[in-house]
Each structure stands twice: as C-alpha cells, then as structure tokens.
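In: with the sequence up front, the predicted model follows.
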Amino acid sequence: MTIGIAGGGAFGTALGVALARDGRDVQVWARDVAAVAQMQANRANARLPGVTLPDEITISAVLDPLFACDTLLLAIPAQALVPFLQDHSARLAGKVLVACCKGIDLQRMTGPASTIRDLVPDAQAAVLTGPSFAADIARGLPTALTIACADDATGMMLQQMLSTPTLRLYRTTDIIGAELGGALKNVMAIAAGVTIGAGLGDSARAALITRGFAEMQRLVGQLGGQADTLRGLSGLGDLVLTCTSEQSRNYRFGVALGAGQAFDATTTVEGAATARALQQLALDLGIDLPICTVVADLTMGRTDVKTALHALLSRPLKEE
Ligand SMILES: NC(=O)C1=CN([C@@H]2O[C@H](COP(=O)(O)OP(=O)(O)OC[C@H]3O[C@@H](n4cnc5c(N)ncnc54)[C@H](O)[C@@H]3O)[C@@H](O)[C@H]2O)C=CC1
Ligand SMILES: O=C(CO)COP(=O)(O)O
C-alpha cells in the first residue's frame, strides 16, 4: 500500500524519507512544479540539506497519484489546510487523513483534525504531532510522536503503518488535546524566543514555559481535551523542544522579535497566525490567555516588547 503525502516542504519530505527508508512506498505531492522537478532530478530537497531521497519516494506536482492512496499525510501549513480540503473534498471522502500541521485556522478557529471532520465528514481524521524536527527525522535520529485518532482501530492501523525503528508513535483517541498541544506550543515558542531575544535570560524563559503550559492546560480543559494528553509528547514534549531549540522557526522568529531584528517572511512560522486565532478564541470563550494575547499583539505590531513585558509582569499576584 502506498502512503500519500501532501506537501513537499521540510516535514512532508522528512516523513516520506523515514517511511521509505523502512520499506514503504511513498507518493509525495507538492504544488510547486519547479521544486518537484528539482527534487526529482537531484533526489534531494533543499530544505533538508545532506539528505538523499530513497528510490521508494515518488514525487509529483499532479494530484491524481496522491488521490490514488487510501491514507494521506497532510503536511502543508495550517492556514493552507482549509482551501486544500475545500478544493478536493469529493476526492478525499472515505480516506484516512492524517493532519501533520500544527496550528489553529484563523477563520474557523479549529485545529487541523477538527477542520478535517467539518469539511470532509466522510474521511477518518487523525493527527500526527509531537516533538520532532524534520531534519532530525530525515537524518534517522530517534523521534517519538503522538498519533491521535478518535477511532482507536484506525489509530492502531496508523501506528503500525507510520512507525519505524527510529520513528516511534504513541497512540491516543484524544484528538482535541493532541491538536491543541501542537498548535499552542508554537505560540509559546515565539514568546520563549522573545524572552531570550530581549535579553531577559534563561530563568525568565523557564517561567514563561511554565506559565505557558498553565495557559495551554486552561484552554485544552475548556475545549474538551485531556490533561494527560497535554502532559505527553504532543503537549509538554513539543513545548520543551520548541521553546529551547535554535532549530525551531517559531523560537527563532521570537528571538528576532525580542531583539528588534528582521526575520525572513517566507519562513513557515505557524505560531503567528495561531496566536491571533487564540486571541479571538479567548475573547469569544471568556478565557484568560495572556501569553497568546501578547504574542498576537507583538506579531501584529500592536505593541512593543517593553509594553508587552510590562503587561505580563504587572498582572495581579496569585496562587500558582
Ligand atoms: N519542519 C518541521 O520540523 C516540522 C513541521 N511541522 C508542521 O508541518 C507543517 C508544514 O511545515 P514544513 O513542511 O516544515 O514547512 P515548509 O515551509 O518547509 O513547507 C511547507 C510546504 O507547503 C507548501 N504549501 C504552502 N501553501 C500551500 C498550499 N496552499 N497548498 C499546497 N501546498 C502549500 C509549500 O510550497 C511548502 O512546500 C507545519 O504546520 C509545521 O508546523 C510539524 C513538525 C515538524
Ligand atoms: O513542530 C516542530 C517541532 O516539533 C517544528 O517547530 P518549528 O515549526 O518552530 O520549526
């Protein structure tokens, strides 16, 4: 059985490489014709330097081979998911769709699996999430991820299909907790980067990560996710990784923001749009999400670092 991957960026390609190295046939679709031609010719992806694409990976800019697969990994950015699902809903019906993106859609205010369930109700929705840099996966370094699917039989099938000797998948049926953990940690990573970029130090970052985790727990609880999921790979695991590693684009974006430096606008930084979605969600639901709110304001240029810090530090003292 061939595994389909929509998205030929860093993550889609890295997953394809890991699966192909373990003997699976993989069909990658990418929309950029020139990038596909380059990947075919060089058997490499510029986003994963030094990694050779195994022969088991076929790459195409045409959608038909992708839709011939029963299981598709959707590794396109979170804000691109809705148009992709809307454009192709008829051809996606009946398939197992595994969201590999991390974010909240700005218009619908839903995470990727919830978006799939809304827009392609005849598909089985799942989420693949957790601490994993594409470069690490592609290099074959050990990685543990969460596969979340409301239907446990499908979750077990995916767990077998997508695990390799170096890519270890843990299973849950808590799709809400898993998708929110992945989305929220990106916002916290921006905030963690800001603390370092602004020269506030490692202690401030540790405080930020801890209070960020409390904020994640509040929202996940309110939206029906489980605390255990958030304490696992898809929440705490990915929060720790992304808030502390220079490999993270969200973290590096935050560092630049904190230091008042420019950042490459073409880099995928999921936490920026997600912070705006969460700021709106916080208002709609009446939940206190101070860090998400500050990150949204900072990324939109509605506040500066000094004012944002003052807003966080001048909140009333309370019990932990
Ligand atoms: N890079 C990483 O280490 C990891 C990334 N992810 C998630 O995977 C998702 C994708 O990220 P990356 O692959 O790293 O980003 P990337 O920037 O390397 O690649 C994104 C790809 O999506 C394509 N794309 C953009 N808009 C599209 C659209 N409307 N339709 C079809 N294709 C479109 C781009 O052409 C590009 O090939 C993100 O949500 C990210 O959070 C998750 C775990 C690890
Ligand atoms: O999700 C990731 C690691 O788990 C990748 O993080 P960035 O998108 O911040 O690079």
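Out: Everything's here; your move. Ligands and ions are numbered 1, 2, ... in the order given.

In: residues of the protein that sit close to ligand 2?
Out: 102, 131-133, 186, 189, 238, 241-242, 248-250, 270 (C-beta under 6 Å from any ligand atom). Quick note: C-beta positions are derived from backbone N, CA and C, even for glycine.

In: could you dump the residues you listed into a markdown table and include neighbour count and distance to residue 38?
Out: Shown next, in a markdown table, are those (neighbours: other C-beta atoms under 10 Å; distance: C-beta to C-beta, whole Å):
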| residue | neighbour count | distance to residue 38 |
| --- | --- | --- |
| 102 | 29 | 26 |
| 131 | 22 | 29 |
| 132 | 24 | 25 |
| 133 | 19 | 22 |
| 186 | 30 | 28 |
| 189 | 31 | 30 |
| 238 | 26 | 30 |
| 241 | 20 | 30 |
| 242 | 28 | 29 |
| 248 | 24 | 26 |
| 249 | 21 | 22 |
| 250 | 28 | 27 |
| 270 | 24 | 25 |
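
In: nearest to residue 217 among the residues you listed?
Out: Closest approach to residue 217 among these (C-beta to C-beta): residue 238, at 14.4 Å.

In: can you name the element that comes right after the host helix or strand of the closest one?
Out: Here residue 238, judged by DSSP states H and E, is contained in helix 238-244. Counting by DSSP H and E, the element after helix 238-244 in chain order, helix or strand, is helix 249-259.

In: and the contacts of that next one?
Out: The contact list for helix 249-259 (C-beta atoms under 8 Å, 6 or more residues apart in numbering) reads 186-187, 189-200, 242-246, 262-263, 267-272, 298-299, 305.

In: how close does the one residue in the chain that gets nearest to ligand 1 sit to residue 3?
Out: Residue of the chain nearest ligand 1, by C-beta to the nearest ligand atom: residue 9 (1.7 Å). Here the criterion is C-beta to C-beta, to the nearest Å. By it, residue 9 lies 17 Å from residue 3.

In: same check on residue 70?
Out: Applying C-beta to C-beta, the value for residue 70 to residue 3 is 9 Å.

In: the more surrounded of those two?
Out: Higher neighbour count among residue 70 and residue 3: residue 3, with 23 against 13, using other C-beta atoms under 10 Å.

In: give me the element that one is part of.
Out: strand 2-6.

In: next helix or strand past that strand?
Out: Taking DSSP H and E as the definition, the helix or strand right after strand 2-6 is helix 10-21.

In: then that next one to CSV, C-alphas only?
Out: Extracted C-alpha coordinates of helix 10-21, given in CSV (Å, rounded to 0.1, in the frame of the first residue of the first chain):
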residue,chain,number,x,y,z
ALA,A,10,10.6,20.1,5.2
PHE,A,11,8.2,18.0,7.2
GLY,A,12,6.3,16.1,4.4
THR,A,13,9.6,15.2,2.8
ALA,A,14,11.2,14.1,6.1
LEU,A,15,8.3,11.8,6.9
GLY,A,16,8.5,10.4,3.4
VAL,A,17,12.2,9.7,3.8
ALA,A,18,11.8,8.0,7.1
LEU,A,19,8.9,5.8,5.8
ALA,A,20,10.6,5.0,2.5
ARG,A,21,13.9,4.0,4.3
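
In: give me the contacts around it.
Out: Here helix 10-21 has contacts from 3, 5-6, 26, 28, 30, 39, 45, 47-48, 51, 53-57, 73, 75-76, 100, 128, 134-135, 137-138, 140, 162, 164, 166-167, using C-beta under 8 Å, 6+ apart.

In: after that helix comes which helix or strand?
Out: Downstream of helix 10-21, the next assigned helix or strand under DSSP H and E is strand 25-29.

In: for that next one, packing partners?
Out: Where contact means 3 or more C-beta pairs under 8 Å, 6 or more residues apart in numbering; DSSP states H and E, strand 25-29 is packed against strand 2-6, helix 10-21, strand 57-60, helix 64-67.

In: and the third one, does that touch ligand 1?
Out: No - for a cut-off given as C-beta under 6 Å from any ligand atom, strand 57-60 has no contacts with ligand 1; the smallest distance is 11.2 Å.

In: partner strands of that strand, with direction?
Out: strand 25-29 (parallel) (DSSP bridges).
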